[in-house]
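Asker: kindly return the folded structure for what I paste below:
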Amino acid sequence: MGQEVNIKPWPEIQELLPPLSKSERNALTRSVRQDGVKQPILILPDGRIIDGHHRWEIALGLGKDVPCQVEDIPIDHAFALALALNWARRQMTEPQWAEIRKQIEKDEDLQKELVRQLREQGMTQAETAINLGIAQPTVSIWENLPDEDSGNGTNIIDNNGSLSPDYRVKVSKDHHYIIYDRYQAGETQREIAADYKVTRRAIGRIVHKVDREIEKAQAEEEARRNRPKPEGIKLFCADIAQISEDDIAPFSIDVIIADPPYSQEFIPLYGLLAKQASWLVKPGGLVLAMAGQSWLPDVITQMAQYLTYHWTLAYLTPGGQSPQIWPRKINTFWKPVLVFVNGEFDNEDWHGDVIKSDVNDNDKRFHEWGQSESGIARLVEAFSKEGDMVLDPFLGGGTTAIVCVDLNRHFIGSDIDPEKIETTKRRLGLL
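Answerer: Just a heads-up that it's a prediction; the model follows:
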């Protein structure tokens with residue numbers, strides 16, 4: 001059959017349905033490579049593909065045979081069948097279906113045919129209503145059948161009599177710049193939306209939002225360049241283990257604020273941080289080290305070799321900046337800030353043990369692990385005074401440097417990556 005009919009995609013169907021995500025496409029490719037195309041693709045007599053264009057496309061690329069089944073049915077029935085098969089089979093999110101519903105909402109005949117097809121697929125009236133975003137009584141009217149009792153409490157009727165299921169899909173702010181970079185690299189909004197199971201409009205909003213954030217950052221950098229050069233600032237490139245007395249005078253630092261990498265392989269860095277702090281920080285001075293929760297006992301053990309453990313602060317990270325720790329099955333809403341003292345604690349000031357970043361304020365513009373200025377500012381204000389010398393030996397994108405300049409602290413920053421030193425200098429207007 002595949003040799004007799006000129007099989008081709010149906011553009012209207014392809015455009016209406018979102019493409020497979022990368023993971024879905026890879027899984028289907030592995031299946032076709034191993035087992036071939038088991039389920040025949042459905043085509044119209046003229047060769048247009050009703051269902052199975054992904055299988056057909058992948059099979060052609062792999063040189064596999066493609067079994068076909070011709071459906072000699074009216075075009076509107078075929079169109080509804082294509083939607084119904086995907087509705088019942090594909091794991092699309094509510095925003096994706098909502099976009100499809102919006103495009104077919106003015107075609108009542110198509111909607112009625114789609115209801116019929118979905119019901120033939122085995123959906124109840126309630127399930128059909130939820131999927132189509134219409135009221136269940138409307139389904140029964142279109143079918144000319146009695147209204148079924150779903151019995152599951154899933155029908156949410158709004159003031160207009162339509163269903164309003166709350167199946168919102170949100171993209172973590174941590175991925176906004178990843179999405180932006182993909183879009184700038186030439187990927188379409190449609191391709192990116194498929195991977196995140198959201199609408200193209202949602203991707204467009206994210207790209208627009210990042211554009212505005214970049215413009216704001218550029219304006220801030222321009223303002224910093226035009227103001228007087230900050231004094232009491234030293235930046236240099238070095239591995240933390242290589243910092244010497246030639247770089248920083250012994251016992252000249254009031255406070256260290258550091259955010260080393262959190263993964264298990266970097267646990268020894270906390271020991272190195274504490275060892276260096278033992279001769280850099282003034283007696284009684286503090287070291288504030290952010291850490292992940294996964295290896296916290298090991299981190300504390302590393303640092304306690306050289307410094308005195310004092311307390312653990314809860315640094316709250318509300319909103320989309322709270323990551324999921326998949327191996328531990330934990331949704332995190334805070335991170336520890338370990339407080340160590342070089343020697344004996346003799347500070348008379350009282351401190352709270354909760355520090356809060358503003359909602360969704362983590363800043364990934366300058367570093368993939370960038371922290372929020374609001375959270376770092378609260379740490380700096382709580383644990384240092386104007387004129388104090390603050391050191392950050394894991395400078396990253398320079399957030400601590402920016403905060404210290406704004407809060408009238410002297411600052412020394414180092415990082416193993418020379419590009420991060422240059423980034424911080426640009427942000428401070430030193431270039």
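Asker: what ranges do the strands span in the stretch 151-300 of the chain?
Answerer: Taking DSSP state E, counting those that start in this stretch, the strands of the stretch 151-300 of the chain run over residues 233-237, 253-258, 281-290.
Asker: next, count neighbours for the nearest residue to residue 262 once chain neighbours are set aside.
Answerer: Leaving aside its sequence neighbours, residue 262 sits nearest to residue 292 (C-beta to C-beta, 6 or more residues apart in numbering; 3.3 Å). C-beta here means a position set from N, CA and C on the backbone, and glycine is covered the same way. Look at residue 292: counted by other C-beta atoms under 10 Å, it has 19 neighbours.
Asker: what of the one 3 residues further on?
Answerer: Residues within reach of residue 295, counting by other C-beta under 10 Å, total 18.
Asker: distance of residue 359 from residue 258?
Answerer: 24 Å (C-beta to C-beta, to the nearest Å).
Asker: cool, and residue 421?
Answerer: Taking C-beta to C-beta, one finds residue 421 at 16 Å from residue 258.
Asker: higher neighbour count, those two?
Answerer: Under the neighbour definition other C-beta under 10 Å, residue 421 and residue 258 were set side by side, and residue 258 has more, 23 against 20.
Asker: so the more buried one touches residue 392, yeah?
Answerer: Yes: using C-beta atoms under 8 Å, residue 258 is in contact with residue 392, at 6.0 Å.
Asker: residue 419 versus the closest residue to residue 376 other than its chain neighbours, what's the distance?
Answerer: Nearest non-adjacent residue to residue 376, counting by C-beta to C-beta, 6+ apart: residue 403, 4.8 Å away. When C-beta to C-beta is applied, the distance between residue 403 and residue 419 equals 21 Å.
Asker: higher neighbour count, those two?
Answerer: More neighbours surround residue 403 than the other of residue 403 and residue 419, with 25 against 10 (other C-beta under 10 Å).
Asker: against residue 264, how distant is the more buried one?
Answerer: Taking C-beta to C-beta, one finds residue 403 at 29 Å from residue 264.
Asker: and residue 107, by the same measure?
Answerer: 56 Å.
Asker: returning to what we had before: which strand or helix spans the residue nearest to residue 376?
Answerer: Using DSSP states H and E, residue 403 maps to helix 399-406.
Asker: packing partners of that helix?
Answerer: strand 233-237, helix 373-383, strand 389-392, strand 410-415, helix 418-428 (3 or more C-beta pairs under 8 Å, 6 or more residues apart in numbering; DSSP states H and E).
Asker: I'd guess residue 310 is in a strand, am I close?
Answerer: Yes: the assignment for residue 310 is a strand, going by DSSP: H, G, I helix; E, B strand; the rest coil.
Asker: so what's the closest residue to it other than its chain neighbours up against?
Answerer: With sequence-adjacent residues excluded and distances taken as C-beta to C-beta, 6+ apart, residue 310 is closest to residue 339, at 4.4 Å. By C-beta atoms under 8 Å, 6 or more residues apart in numbering, the residues touching residue 339 are 286, 287, 288, 309, 310, 311, 312, 313, 383.
Asker: widest-spaced pair of those residues?
Answerer: 309 and 383 (15.6 Å; C-beta to C-beta).
Asker: what about residue 353, distance to residue 316?
Answerer: 11 Å.
Asker: who has more neighbours, those two?
Answerer: Neighbour count, other C-beta under 10 Å: between residue 353 and residue 316, residue 316 has more, with 17 against 11.
Asker: all helices of the stretch 251-400 of the chain, in order?
Answerer: 267-280, 296-304, 373-383, 399-406 (DSSP state H, counting those that start in this stretch).
Asker: in CSV, list those helices along with distance to residue 16 and mean pLDDT.
Answerer: Shown next, in CSV, are those (distance: least, C-beta to C-beta, whole Å; pLDDT from 0 to 100):
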stretch, distance to residue 16, mean pLDDT
helix 267-280, 51, 97
helix 296-304, 49, 97
helix 373-383, 43, 93
helix 399-406, 44, 92
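Asker: state the mean pLDDT of stretch 110-124.
Answerer: Averaging pLDDT along stretch 110-124 yields 75.
Asker: buried ones in that stretch?
Answerer: 110, 111, 112, 113, 114, 115, 116, 117, 118, 119, 123, 124 (16 or more other C-beta atoms under 10 Å).
Asker: just the CA atoms of that stretch, as PDB, please.
Answerer: The C-alpha trace of stretch 110-124 is given here as PDB (Å, rounded to 0.1, in the frame of the first residue of the first chain):
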ATOM      1  CA  LEU A 110     -15.900  19.800  14.200                       C
ATOM      2  CA  GLN A 111     -16.400  19.900  18.000                       C
ATOM      3  CA  LYS A 112     -19.500  17.700  17.700                       C
ATOM      4  CA  GLU A 113     -17.600  15.200  15.600                       C
ATOM      5  CA  LEU A 114     -14.700  15.300  18.000                       C
ATOM      6  CA  VAL A 115     -17.100  14.600  20.900                       C
ATOM      7  CA  ARG A 116     -18.400  11.600  19.000                       C
ATOM      8  CA  GLN A 117     -14.800  10.300  18.300                       C
ATOM      9  CA  LEU A 118     -13.700  10.800  21.900                       C
ATOM     10  CA  ARG A 119     -16.700   8.900  23.200                       C
ATOM     11  CA  GLU A 120     -15.900   6.100  20.800                       C
ATOM     12  CA  GLN A 121     -12.400   6.100  22.300                       C
ATOM     13  CA  GLY A 122     -14.100   5.200  25.600                       C
ATOM     14  CA  MET A 123     -14.200   8.500  27.400                       C
ATOM     15  CA  THR A 124     -17.100   9.300  29.600                       C
END
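Asker: fine by me, we can end here.
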